[in-house]
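Visitor: Need the 3D shape of this:
(chains A and B)
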Amino acid sequence: MIDIKNNTKVMALEQAIRQYISDGAHISIGGFTLNRNPMAACHEIIRQGIKGLHLYAHSNGQGLDELVGAGAISKVEIAYSGNGRFAPTCLCFRRHVIENKIMVEDYTNFQMALRFLAGAMGVPFLPTTSSLGTDIINKWGFDTTTRIKDSRLSSKKLVVMENPFSRQAPGEKIVLVPAINPDVTLIHAQQADTTGTTRIKGLTFSDIEQAKASQTVIVTCDELLEPGIMNHDPQKNQLPSFCVDAVVHVPFGTYPTACFGLYDYDAQFLSLYRDMAASQDRFDAYVKEFILGTKTHARFLEKACGKRLEQIKADPETGYSDQIKRG
Amino acid sequence: MNYTSKEIMVLAAARQIKNHDIVFCGTGISMLAAVAAKHIYAPDCVIFFETGAIDSKLEKLPLAVSDSRVMYGAQAFCTLVESFSFMQNKKTGANIVGIIGAAQIDPFGNLNSTMIGDYGNTQTRFPGSGGACDVASFVNTNIIFMMLEKRKFVPTLPYVTSPGWIKGFDTRKKMGLNPQGPSAVITDMGIMGFESHSKRMFLKEYYPGIHPETIKEHISFDIDISTARETLCPKAEELKILREKTDPEKLILN
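Guide: Take a look at the predicted model:
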């Protein structure tokens, strides 16, 4: 048992969400489509009935879709909302956009990654040539009033200008995309220690930039370690302790999405989810039964995955499972 | 030779990939084409994903670019910022071949993967750009994958997500993008190219048994079919590898 006496960072998920996320917060979630979404944290947000959140992500799938479906989100800035083969377009997301229940600002993946990087660097914007000549530039999702009302939003979606260093006149066009500085970023890592040092195995996507850009960072982890152990391999650690505000030990914390080296996505549950997300009635019933009906992630896991847990556990050699039926 | 339209489509795209190419691919059928290319035509090509996995082992077909199956046995990992930077830097920028799909395409190869309707009054919503617009903006060779349907091949797009040849001629270059627009559109009935001067789409190849006029009927804008020739029939060996090695679980070929 790890001694966490006098430790203010290690806490229960329920406390971390209650302490750091309130209605209307600007949040960012890590992961990419069906991999390493901080699902336990997303479900706890839904359990606590938090509303009016502004969500930043690049290519998010399951986490985004469940938060949107549960009515926790009012505005989204993203590049992509899909869940691989299980949902080419996320179903709750699609329904809420069509029914005008959420506002969406569309960027590209590179632009969102640059925006998080700008936030992490402390610069107001970064330039790119991506999206010149497209409606990413021409069509804006948030109206001026929305942008004026919330001082955390940039005054414009983006700005096209001439390269000020150009040798030609007029200079080549470039697109400036504004920095993102979320109130809270939620990520899941395979390992963290009680001081907050964080290690993601496999691809990190934009999680690290998202965390470094944020005012507050909540890390859920599959394995919680004593301080010092991770210092033996510092090149494997991406976040130093001072970047992290809350560390929560949640085994299988990304379930039903995958976590490289530990467990795979639960293809069977994601297929079931696809049916449950197809209409709002069915989705509401899903929330009631699977999220509100389970008080903790461990209970959710038991209910959603049950005996399949052994099947989704990853082969330590490949990092995924060959036991799941994907067809 | 018995084969499905999906199989010939995948092989047609895979044939476009050369051994020294660095192939950027998205999800689904474009991923299958890249893996098929590596298995059949271009064993030394390097496949990489926007998620940052480079030269993945790909023993099992990933169901998304974030699938842990892209992480196993990779040569190196990078971040999202770095993966799109490979398409632009001096060292590797020119060698990247992109394979992307979309919901709709116009005569100049501009793509829509965002929505139908008016922005703000959406009728149908798609996932959004993801990395597609970045790839279409940056790479020298961009291959587009589309199923041939009238509602997908349209004269004007409700939303331009990814740039093609913009309005043709030199409009793409003038826009400030990499002057190279898309090179081919691979469909389930044939392959389109873009005319060298006007940059308008034309029919380059039709698959065996498909009449060029039938292809014309599946497109909502006028397309030149006068120079089209028949595509090579898939060989037994190619189909065997595709079925037994590339997608044995029939995850995409089903």
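Visitor: ranges for the helices of the stretch 151-254 of chain B?
Guide: Here the stretch 151-254 of chain B has its helices, by DSSP state H, counting those that start in this stretch, at B:171-175, B:212-217, B:236-241.
Visitor: Which among these is found nearest to chain A?
Guide: helix B:171-175 (4.0 Å; Cβ to the nearest Cβ). Where you see a C-beta, it was placed from the backbone N, CA and C, and this is true even at glycine.
Visitor: Buried residues in that closest one, which are they?
Guide: Burial within helix B:171-175, assessed by neighbour count using 16 or more other Cβ atoms under 10 Å in any protein chain shown, is assigned to B:171-172, B:175.
Visitor: Now that we have the residues you listed, can you turn them into a markdown table and tack on pLDDT?
Guide: A markdown table is the format used below for these (pLDDT from 0 to 100):
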| residue | pLDDT |
| --- | --- |
| B:T171 | 97 |
| B:R172 | 97 |
| B:M175 | 94 |
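Visitor: and chain A, which of those residues reach it?
Guide: B:171-172, B:175 (Cβ under 8 Å from any Cβ of the partner chain).
Visitor: per-residue pLDDT, residue 160?
Guide: Just going to use chain A. At A:V160, the model reports a pLDDT of 98.
Visitor: I was thinking of chain B, sorry if that wasn't clear
Guide: For B:V160, pLDDT reads 98.
Visitor: where are the low-confidence patches of the stretch 51-200 of chain B?
Guide: Along the stretch 51-200 of chain B, no part satisfies pLDDT under 70.
Visitor: Could you check which residue of it lies nearest chain A?
Guide: Distance from chain A to each residue of the stretch 51-200 of chain B (Cβ to the nearest Cβ) is smallest for B:A64, at 2.8 Å.
Visitor: how about the closest residue to B:D55 other than its chain neighbours, what does it touch?
Guide: Nearest non-adjacent residue to B:D55, counting by Cβ to Cβ, 6 or more residues apart in numbering or on different chains: B:Q75, 3.7 Å away. By Cβ atoms under 8 Å, 6 or more residues apart in numbering or on different chains, the residues touching B:Q75 are B:46, B:54-55.
Visitor: With A:Q210 instead?
Guide: Contacts for A:Q210 (Cβ under 8 Å, 6+ apart) come out as A:28-30, A:56, A:116, A:182, A:185, A:187.
Visitor: try B:L242
Guide: So B:L242 contacts B:7, B:10-11, B:36, B:39-40, B:253 (Cβ under 8 Å, 6+ apart).
Visitor: Low-confidence ranges, chain A, go.
Guide: Short version for chain A, where the test is pLDDT under 70: A:1.
Visitor: Where do the strands of it begin and end?
Guide: A:26-29, A:53-56, A:59-60, A:73-78, A:80-81, A:103-106, A:125-128, A:159-162, A:173-178, A:184-193, A:198-199, A:216-225, A:246-249 (DSSP state E).
Visitor: Among the helices of the stretch 151-254 of chain B, show me which one is buried the most.
Guide: Of all the helices of the stretch 151-254 of chain B, helix B:171-175 has the most neighbours on average by mean count of other Cβ atoms under 10 Å in any protein chain shown, namely a mean of 18.
Visitor: Give me the longest helix you can find in chain B.
Guide: helix B:29-40 (DSSP state H).
Visitor: Tell me the buried residues in it?
Guide: B:29-40.
Visitor: count of neighbours near residue 101?
Guide: In the absence of a named chain, chain A is used. A:K101 has 14 neighbours, counted by other Cβ atoms under 10 Å in any protein chain shown.
Visitor: Chain B is the one I meant
Guide: B:G101 has 21 neighbouring residues, counting by other Cβ under 10 Å.
Visitor: One more: B:S113?
Guide: Neighbour number of B:S113 under other Cβ under 10 Å is 24.
Visitor: can I assume it is in contact with B:S162?
Guide: Yes: using Cβ atoms under 8 Å, B:S113 is in contact with B:S162, at 6.9 Å.
Visitor: Export the strands of chain A to JSON lines and append columns for distance to B:D188 and mean neighbour count.
Guide: Formatted as JSON lines, the strands of chain A follow (distance: least, Cβ to Cβ, whole Å; neighbours: other Cβ atoms under 10 Å in any protein chain shown):
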{"stretch": "strand A:26-29", "distance to B:D188": "36", "mean neighbour count": "26"}
{"stretch": "strand A:53-56", "distance to B:D188": "36", "mean neighbour count": "24"}
{"stretch": "strand A:59-60", "distance to B:D188": "26", "mean neighbour count": "32"}
{"stretch": "strand A:73-78", "distance to B:D188": "30", "mean neighbour count": "23"}
{"stretch": "strand A:80-81", "distance to B:D188": "24", "mean neighbour count": "30"}
{"stretch": "strand A:103-106", "distance to B:D188": "28", "mean neighbour count": "22"}
{"stretch": "strand A:125-128", "distance to B:D188": "34", "mean neighbour count": "18"}
{"stretch": "strand A:159-162", "distance to B:D188": "37", "mean neighbour count": "13"}
{"stretch": "strand A:173-178", "distance to B:D188": "35", "mean neighbour count": "21"}
{"stretch": "strand A:184-193", "distance to B:D188": "39", "mean neighbour count": "28"}
{"stretch": "strand A:198-199", "distance to B:D188": "45", "mean neighbour count": "24"}
{"stretch": "strand A:216-225", "distance to B:D188": "43", "mean neighbour count": "22"}
{"stretch": "strand A:246-249", "distance to B:D188": "48", "mean neighbour count": "24"}
